[in-house]
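**Q** pasting the structure only:
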């Protein structure tokens, strides 16, 4: 049985739930995708972590099978509002979530576009993600008619958020 | 806990015969199936052997499957079969 206690419930900020587990690990913080009202977590397997599991948050208490949860601590959220020195315009602020994975290991994510890049500091991860977003946009937009389903979806998301200057 | 490293990222690139393209800050790996792009990811520069756990999601697989790509149980053909079963091939 997973017990959840909301720690932070501000609609504009990520939601954190502290889960009480039956395993030896004790309470874990779940990573919540703040783009949608869902909880995102991972199940344990002998090899490590298996599929990412997404549950609408009101249902998370019904998830009985999970015995281990990966700890993800969301450090901060940020937005990309411009691309200095680049010939691209931000159409609307790009939401960035920065997670701490280890002592000197941070991951910056643009969740909707399924893009991420890491760095040794939050700032480095953020800057690496900026470059990754532009690289992905270039790579995919140059081959718009030559993409599989996931790259098509990614490019659709990117098109909403940025455009190359004419 | 096992994490994916830059070395793993390059092992996956070799297994999937991904195209390598230089990016603004780091190289990109582009995975194609019959010439179409089905996935891509960036490989972080630096000497630290950490920080690439985002790759499985960008390749539409889970962490264990990504490890299988690194360790050999999963072949390139097996990977594309997986994508096909998930409706991720064009």
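**A** That came through, no problem. As the structure is a prediction and not an experimental result, all values here were calculated from the model. Residues are numbered from 1 along each chain as shown, chains lettered A, B, ... in the order given.
**Q** what about the helices in the chain?
**A** Looking at chain A here, since you left the chain open. Assignment of helices within chain A using DSSP state H yields the ranges A:122-141, A:149-161.
**Q** Actually, chain B is the one I wanted.
**A** Counting by DSSP H, residue ranges of the helices within chain B are B:6-15, B:55-58, B:63-71, B:76-85.
**Q** Out of those, which gets nearest to chain A?
**A** Closest to chain A of the helices of chain B, according to Cβ to the nearest Cβ: helix B:63-71, at 4.9 Å. Bear in mind the C-beta positions are built from the backbone N, C-alpha and C, glycine included.
**Q** low-confidence ranges in the chain?
**A** I went with chain A, as the question did not name one. When the per-residue scores of chain A are filtered using pLDDT under 70, the ranges that remain are A:1-75.
**Q** nope, chain B please
**A** Screening chain B residue by residue with the criterion pLDDT under 70, one finds the ranges B:1-2, B:47-50.
**Q** can you do 80?
**A** Regions of chain B meeting the criterion pLDDT under 80 cover residues B:1-3, B:46-51.
**Q** need the residues of it near chain A, please.
**A** Proximity of chain B to chain A is assessed by Cβ under 8 Å from any Cβ of the partner chain, with B:1-3, B:21, B:23-26, B:28, B:30, B:33, B:35-40, B:42, B:44, B:46, B:48, B:50-54, B:57-58, B:60, B:62-64, B:67, B:83, B:87-90 identified as the residues in range.
**Q** Now list the buried members of those residues.
**A** Neighbour counting by 16 or more other Cβ atoms under 10 Å in any protein chain shown classes B:3, B:23-26, B:28, B:30, B:33, B:36-40, B:42, B:44, B:50-54, B:57-58, B:60, B:62-64, B:67, B:83, B:88-90 among these as buried.
**Q** As a check, name the ranges of all strands in chain A.
**A** With DSSP state E as the criterion, chain A has strands at A:3-8, A:16-20, A:28-29, A:31-33, A:38-45, A:48-56, A:73-80, A:88-90, A:94-102, A:105-110, A:115-119, A:162-164.
**Q** Check which helices and strands the last one sits against.
**A** Using 3 or more Cβ pairs under 8 Å, 6 or more residues apart in numbering or on different chains; DSSP states H and E as the contact definition, the elements that strand A:162-164 packs against are strand A:88-90, helix A:122-141.
**Q** Run through who's touching stretch B:13-23.
**A** The list of residues contacting stretch B:13-23 from outside it, by Cβ atoms under 8 Å, 6 or more residues apart in numbering or on different chains, reads A:131-132, A:135, A:139, B:12, B:27-32, B:42-43, B:69-70, B:75-76, B:79.
**Q** which parts of that stretch are buried?
**A** For stretch B:13-23, a neighbour-count test (16+ other Cβ under 10 Å) marks B:13, B:15-16, B:18, B:23 as buried.
**Q** I'd like the residues you listed laid out as CSV, including distance to residue A:121.
**A** Formatted as CSV, the entries for those read as follows, by distance: Cβ to Cβ, whole Å:
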residue, distance to residue A:121
B:13, 26
B:15, 31
B:16, 30
B:18, 28
B:23, 20
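**Q** got a list of what residue A:136 touches?
**A** Taking Cβ under 8 Å, 6+ apart as the definition of contact, the neighbours of residue A:136 are A:113, A:115, A:154, A:158, B:28, B:40.
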